[in-house]
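Colleague: dropping a prediction and its sequence here:
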Amino acid sequence: MGDVFEALIVLLCLLQAKHMFADYFLQTRSMLGGRDIYLHQGRFLHAGVHAAGSALAFLIMGTPVMLILLVAVGEWIAHYHIDWAKGRYTARQNLTPDDAAYWRATGVDQALHQLTYIIMLWCWLTFGIAG
């Protein structure tokens, strides 16, 4: 249990670092604008940065390639739609960072991303380390 627990903590830390960089340091102007538009190139790229970063984290942990691909695609889909839903909601409500509701929406957005990581960790524990 000790080795698995330690590996789980390392993977969680890798995912958290990836999330910080992908959401706060690597977003470009095109990724930030037009977030309420469903088919948005910037969001495609932003979700791709997240998926690529997670794939790297799982690769570092020695995860089987097929599981890496499945998890990365799943995260891309989830991240894309979570961000779109937040963008759509905040645009329809005309919310800005000056509004408390904007920050509540941001909190829900971030919580959903964290729940995505919990699902990804469950997949790794269930199919990755035994695979």
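Modeller: That came through, no problem.

Colleague: only C-alpha atoms from now on, for both contacts and neighbour counts.
Modeller: Fine.

Colleague: list the buried ones in the strand or helix carrying Gly74?
Modeller: For Gly74, the host element (DSSP states H and E) is helix 65-92. Neighbour-count burial for helix 65-92 flags 67-69, 71-76, 78-80, 82-91 (criterion: 16 or more other Cα atoms under 10 Å).

Colleague: burial of Leu121, as a residue count?
Modeller: 20 (other Cα atoms under 10 Å).

Colleague: would you confirm that it contacts Leu8?
Modeller: Yes - when contacts are counted by Cα atoms under 8 Å, Leu121 is listed as touching Leu8 (7.5 Å).

Colleague: what's the worst-scoring helix or strand of the chain on mean pLDDT packed up against?
Modeller: Within the chain, confidence by mean pLDDT, DSSP states H and E is lowest for helix 29-32 among all helices and strands, at a mean of 90. When contacts are defined as 3 or more Cα pairs under 8 Å, 6 or more residues apart in numbering; DSSP states H and E, helix 29-32 packs onto helix 41-60.

Colleague: helices or strands next to the helix it packs on in the packing?
Modeller: Where contact means 3+ Cα pairs under 8 Å, 6+ apart, helix 41-60 is packed against helix 2-20, helix 29-32, helix 65-92.

Colleague: what residues does it touch?
Modeller: 11, 14-15, 18-19, 22, 27, 30-33, 35, 65, 68-69, 71-73, 75-77, 79-80, 83-84 (Cα atoms under 8 Å, 6 or more residues apart in numbering).

Colleague: repeat that for stretch 8-28.
Modeller: His46, Val49, His50, Gly53, Ser54, Ala57, Phe58, Met61, Tyr117, Leu121.

Colleague: report how many residues lie close to the third one.
Modeller: I take that to be His50. His50: 24 surrounding residues under other Cα under 10 Å.
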